[in-house]
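Participant: no letters, just coordinates:
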Ligand code: SIN
Ligand code: FE2
């Protein structure tokens, strides 16, 4: 009799962070190879680039997208675009592995029928960060946000509806997924500067995939 049948299965915890926000530890771990292969495919077609905020400041992350719409920022503001301004073509199609992961993570967190049409890929080098912000360029706030962490660890900040609301600090490591929707859908969130380190698979970087129903 093999009592260790599930010894190698990742512990699948579903932890409520705040009302409407759920942490799924290690949820994407078993898919790491497929995800990295698909990230490479997307970034070859639409390379990551440094976007500029409407205020004129360059973001510290490099960004690209796939799916029907890509999130963009420039002097004209934050919005979704159906085309990549660099390639002048449509964004690459969303890989099946991305879509399936996002839908199953959302369902596990209690959000059935999530239909992401946009995946944002954020590349963080050591020192890169994401200031506190709300995701509010999407049309339908009844759909959640699904955020997948790969590579170097990060501290994710999650607050409330006002920028000055108290934030909780959530340490995220390779394979973790955070889902927020419902009461938390418009909560301010951000990422503290990435500490130096080397991830065995990804080296000196963190990659975040953020899935949304944008259109
Ligand atoms: C984002 O809010 O777009 C990114 C969050 C993260 O990198 O974890
Ligand atoms: Fe965000």
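Facilitator: Now that the structure is in, tell me what you want to look at. Please read these numbers as outputs of a predicted model, since none were measured by experiment. Ligands and ions are numbered 1, 2, ... in the order given.

Participant: ligand 1 contacts on the chain?
Facilitator: 122, 130, 147, 156, 189, 191, 208, 210 (Cβ under 6 Å from any ligand atom). No exception for glycine: its C-beta is placed from N, CA and C like everyone else's.

Participant: nearest residue to the residue in the chain that ligand 1 sits nearest to in space, please, no chain neighbours.
Facilitator: As assessed by Cβ to the nearest ligand atom, ligand 1 sits closest to residue 208 within the chain, at 3.3 Å. With sequence-adjacent residues excluded and distances taken as Cβ to Cβ, 6 or more residues apart in numbering, residue 208 is closest to residue 122, at 4.3 Å.

Participant: quick check, that neighbour in a helix?
Facilitator: No. Per DSSP: H, G, I helix; E, B strand; the rest coil, residue 122 lies outside any helix segment and is strand.

Participant: bridged to it, which residues?
Facilitator: Note on residue 122: beta-bridge partners residue 63, residue 208, judged by DSSP bridges.

Participant: could you number the chain from 731 rather than 1 from now on?
Facilitator: Noted, 731 is the first residue going forward, which turns the last one into residue 852.

Participant: pretty sure it contacts residue 790?
Facilitator: No. Contact status for residue 852 versus residue 790: not in contact, 9.9 Å apart, counting by Cβ atoms under 8 Å.

Participant: when those two are compared, which one has more neighbours?
Facilitator: The neighbour count for residue 852 versus residue 790, taken as other Cβ atoms under 10 Å, is higher for residue 852 (22 against 17).

Participant: for stretch 856-872, buried residues please.
Facilitator: With burial defined by 16 or more other Cβ atoms under 10 Å, the residues of stretch 856-872 counted as buried are 858-860, 862, 865, 867-868.

Participant: residues near residue 789, how many?
Facilitator: There are 17 residues near residue 789, going by other Cβ under 10 Å.

Participant: packing partners for the host helix or strand of it?
Facilitator: Per DSSP states H and E: residue 789 is located in strand 788-797. Packed against strand 788-797 by the contact rule (3 or more Cβ pairs under 8 Å, 6 or more residues apart in numbering; DSSP states H and E) you find helix 762-775, strand 779-782, strand 800-804, strand 848-855.

Participant: packed most tightly, which of the ones you listed would that be?
Facilitator: With neighbours taken as mean count of other Cβ atoms under 10 Å, the helices and strands packed on strand 788-797 reach their highest mean count in strand 848-855, at a mean of 22.

Participant: and the angle from that one to strand 788-797?
Facilitator: Angle of strand 848-855 versus strand 788-797, following axes from the mean of the first three to the mean of the last three Cα atoms, to 10 degrees, is 140 degrees.

Participant: could you pull up the residues touching the residue nearest to residue 938?
Facilitator: Going by Cβ atoms under 8 Å, 6 or more residues apart in numbering, residue 852 touches 791-793, 860, 937-940.

Participant: nothing else from me, thank you.
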